[in-house]
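# Build the 3D model from these lines:
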Amino acid sequence: MTVRPRDDHRGAAGGDGRPAEGNGPAEIPRRLCAVALELLPVTGASVSLHDDEMPVRLCATGAQAAYVTDIQATLGDGPCPSAVRSGRPVLASDLTQGQDVDRWPVFAEEATEAGVRAAYSLPLGDDAVCVGTLDLYRDTPGGLTATELRTARALAGAMTMAVMALSRDGEDGEDGGRGPERSGWLDGLAPDHDGIYQAIGMVMAQLGVGAHEAVARLRAHAFSHGRTAADVARDVVNHRLRFSPGG
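Predicted coordinates for the structure are as follows:
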């Protein structure tokens, strides 16, 4: 699987890597990502929100960070998913060789081809629940010093407060937070969230399978065709792609 990201951009950006505009609900997370680039030895940052089956990117500082974040969602592997599962920061200081390559061989290959040589993922939430991750990337191998890790943790704490504020705003909406089984507060915040979950539902109906299998099929198709899961989901929703039981 090899998909080249678009030109990288530094600074706050929206879901597609373009500079953010206005004061939308994701503006504070975008600004905090931009702060990370100023305070830490990183060249990219993003925030992913985790809701049931698949993480969805909320914002990124540029196309490179957006791409590497989406690759982790497509593979279901990398520092970001590992941080969600463990509830602890996951620091991959060298994606070109050694233990990080052994741990995530496919992700490491994709990341380095995109120009990322190290990645750090910090969970957002508390001891009881992880609502997402702050993901940091750099173009040279290297770890974070103790001071830099404290700064990254502080940014993750601020990001958690911002994301939870968005969650409360969503739960105060028209349906009072009830609605479908998946959490409705992500709707309208992460650009691809609705499309991904609509696509999962469509694949479930087309194949007669559960959500886990539908996600696995989306990811497998994306990987085999060198695309991201978000791209494949858009094709499903727009009826350009249909899954068949025998396909």
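
# Please work out the average pLDDT along the longest helix seen in the chain.
Of all the segments assigned as helix in the chain under DSSP state H, the longest by residue count is helix 146-171. The average of the pLDDT scores along helix 146-171 is 85.

# what packs against that helix?
Secondary structure elements in contact with helix 146-171, counted by 3 or more C-beta pairs under 8 Å, 6 or more residues apart in numbering; DSSP states H and E, are helix 27-39, strand 44-51, strand 118-125, strand 130-138. C-beta coordinates here come from the backbone N, C-alpha and C atoms, glycine included.

# can I get the ones you listed in TSV with mean pLDDT?
Putting the helices and strands packed on helix 146-171 into TSV (pLDDT from 0 to 100) gives the following:
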stretch	mean pLDDT
helix 27-39	94
strand 44-51	89
strand 118-125	96
strand 130-138	94
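
# Below-threshold pLDDT in this structure: ranges please.
Where the chain drops to pLDDT under 70, the residues are 1-26, 51-53, 166-194, 247.

# What segments of it are helices?
Ranges of helices within the chain are 27-39, 63-75, 79-86, 99-103, 105-113, 146-171, 193-207, 211-224, 229-237, based on DSSP H.

# burial count for residue 38?
Per other C-beta atoms under 10 Å, the neighbour tally for residue 38 reads 9.

# so how far is residue 195 from it?
Residue 38 sits 32 Å away from residue 195 when distances are taken as C-beta to C-beta, to the nearest Å.

# now do residue 208
Using C-beta to C-beta, one obtains 22 Å as the distance from residue 208 to residue 195.

# and what of residue 40?
Residue 40 is 31 Å from residue 195, where distance means C-beta to C-beta.

# Kindly report the same for residue 60.
Residue 60 sits 17 Å away from residue 195 when distances are taken as C-beta to C-beta.

# can you check residue 46 too?
18 Å.

# ok, now residue 235?
When C-beta to C-beta is the yardstick, residue 235 and residue 195 sit 10 Å from each other.

# ok so, going back, and residue 208 and residue 195? which has more neighbours close in?
A count of neighbours by other C-beta under 10 Å puts residue 195 above the other of residue 208 and residue 195, at 18 against 9.

# That one: what's it in contact with?
230, 233, 234, 237 (C-beta atoms under 8 Å, 6 or more residues apart in numbering).

# Apart from its neighbours in sequence, what residue is nearest the second one?
Put plainly, it is residue 233. Distance criterion C-beta to C-beta, 6 or more residues apart in numbering; nearest residue to residue 233, sequence neighbours excluded, is residue 199 at 3.6 Å.

# ok, the one you found - how many residues close by?
Residue 199 has 26 neighbours, counted by other C-beta under 10 Å.

# Do I have it right that it meets residue 230?
No: counting by C-beta atoms under 8 Å, residue 199 stays clear of residue 230, with 9.1 Å between them.

# who touches both of the two?
Listed contacts common to residue 199 and residue 230 are nil; contacts here mean C-beta under 8 Å, 6+ apart.

# Excluding chain neighbours, what is closest to residue 46?
Of all residues not flanking residue 46 in the chain, residue 60 sits nearest, at 3.8 Å (C-beta to C-beta, 6+ apart).

# Also residue 198?
Of all residues beyond its chain neighbours, the one nearest residue 198 is residue 237 (5.2 Å), with distances taken as C-beta to C-beta, 6+ apart.

# so what's that neighbour up against?
Taking C-beta under 8 Å, 6+ apart as the criterion, residue 237 is in contact with 195, 198, 199, 202.
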